[in-house]
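K.L.:
no FASTA, just this:
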């Protein structure tokens, strides 16, 4: 561990709240700190709820309400923090779709030979802005890390980068005892994520739950997360007369407890990157059901071994899968007993070693 004590790593994030990539970045800071690295974090937004290790540079604090002034403040604050930190390696976890701001950062801030660009979504244009400038710039990065094999294959096909590698996200060790949720007496299934229907499709999940008749079996649907589509989801719940059966819990501090006590977790996304919520559920011995969307679920789910993998965007099959995992007790128990053993390669120790090898090279 001590051999890393003089190596300084800077993690760049949009924020440290609500999202899977942001949670991974927070956990990553703690892993690096345990390994003896000096850690700094640049957060673009003043949204800090996840625990982390290292020195935080919060660029969102005391920002102007005037958009153009705010953006200029952010740019100069970013440049100042980057220079002050003077890290050996910078690891960028952000989405990077604003072309002009990214151009400014690459022209006047980033040192690409010290920078690792992480791609978290199969929608790679969220992370690599269009244009030859960015293609040439990314080619000079220390590395480009794809968090799933599906993302790696797509980036390789579209860009042909020589500095592209695959390092998956990972799960950290949790306390053996997860806080109880004594106020919940019902049986339920669970979904977790931002309330963003164009990606997570919670509206269609609620409709599928309604069609499944699970409510008639006294099995509720809990959805954990916040987002811009909360109001429309609330209206849909009322329209379908599911007020007693579907609960929007918002941002939940002890989400692991809700996952652990669920019958199973369901993921209905249109597109993903490497959905950590599936691994988090399996770690809690909770089976999972997911669309075989691009990308990630097929790398995590072993069909009928630790959960069910459903034809991509086939909501009729998703409904049948939800019923199957409730009604087929033998299948359910088989999936449940294989949960933890199925995710060993996505635990902290093997994955962090790949990061150490990359950052110290």
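P.N.:
Looks like it arrived, so ask away. This structure is a prediction, so every number in the text was calculated from the model and none was measured. Residues are numbered from 1 along each chain as shown.
K.L.:
can you tell me the SS state at residue 63?
P.N.:
Counting by DSSP: H, G, I helix; E, B strand; the rest coil, the backbone at residue 63 sits in coil.
K.L.:
can you count the residues close to it?
P.N.:
The number of residues packed near residue 63 is 17, by other C-beta atoms under 10 Å. Every residue, glycine included, has its C-beta placed from N, CA and C.
K.L.:
what sits against it?
P.N.:
46, 70, 73, 74 (C-beta atoms under 8 Å, 6 or more residues apart in numbering).
K.L.:
show the pLDDT at it.
P.N.:
In this model, residue 63 is scored at 79, pLDDT.
K.L.:
so where do the strands sit in the stretch 151-300 of the chain?
P.N.:
164-166, 187-192, 219-224, 246-250, 265-267, 288-291 (DSSP state E, counting those that start in this stretch).
K.L.:
I'd like these laid out as TSV, including distance to residue 115 and mean pLDDT.
P.N.:
Output for the strands of the stretch 151-300 of the chain, formatted as TSV (distance: least, C-beta to C-beta, whole Å; pLDDT from 0 to 100):
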stretch	distance to residue 115	mean pLDDT
strand 164-166	14	97
strand 187-192	31	97
strand 219-224	34	97
strand 246-250	35	96
strand 265-267	31	98
strand 288-291	32	98
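K.L.:
can I get these in JSON lines including distance to residue 82 and mean neighbour count?
P.N.:
Shown next, in JSON lines, are the strands of the stretch 151-300 of the chain (distance: least, C-beta to C-beta, whole Å; neighbours: other C-beta atoms under 10 Å):
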{"stretch": "strand 164-166", "distance to residue 82": "24", "mean neighbour count": "17"}
{"stretch": "strand 187-192", "distance to residue 82": "33", "mean neighbour count": "22"}
{"stretch": "strand 219-224", "distance to residue 82": "34", "mean neighbour count": "22"}
{"stretch": "strand 246-250", "distance to residue 82": "34", "mean neighbour count": "17"}
{"stretch": "strand 265-267", "distance to residue 82": "36", "mean neighbour count": "26"}
{"stretch": "strand 288-291", "distance to residue 82": "38", "mean neighbour count": "26"}
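K.L.:
and the ones you listed: which comes nearest residue 111?
P.N.:
Of all the strands of the stretch 151-300 of the chain, it is strand 164-166 that lies closest to residue 111, at 19.3 Å by C-beta to C-beta.
K.L.:
neighbouring strands - and their directions - for the closest one?
P.N.:
strand 143-146 (parallel) (DSSP bridges).
K.L.:
who's in contact with residue 108?
P.N.:
Residue 108 makes contact with residue 79, according to C-beta under 8 Å, 6+ apart.
K.L.:
ramachandran coordinates for it?
P.N.:
In terms of degrees, to the nearest 10, the main-chain angles of residue 108 are phi -120, psi 0.
K.L.:
make 463 the first number, not 1, from now on.
P.N.:
Sure, I'll start numbering at 463, so the last one becomes residue 570.
K.L.:
picking that back up, please indicate which of the contacts of residue 525 are buried?
P.N.:
Using 16 or more other C-beta atoms under 10 Å as the burial test, these include 535, 536 as buried.
K.L.:
do a quick rundown of the helices in the stretch 463-612 of the chain.
P.N.:
Under the criterion DSSP state H, counting those that start in this stretch, helices of the stretch 463-612 of the chain are mapped to 482-496, 529-547, 561-570, 594-601, 611-621.
K.L.:
state the distance from the residue lying farthest from the centre of the chain to residue 646.
P.N.:
Most distant residue from the mean C-alpha position of the chain: residue 678, 32.6 Å away (C-alpha atoms, centre = their mean). Look at residue 678 and residue 646: by C-beta to C-beta, to the nearest Å, they are 20 Å apart.
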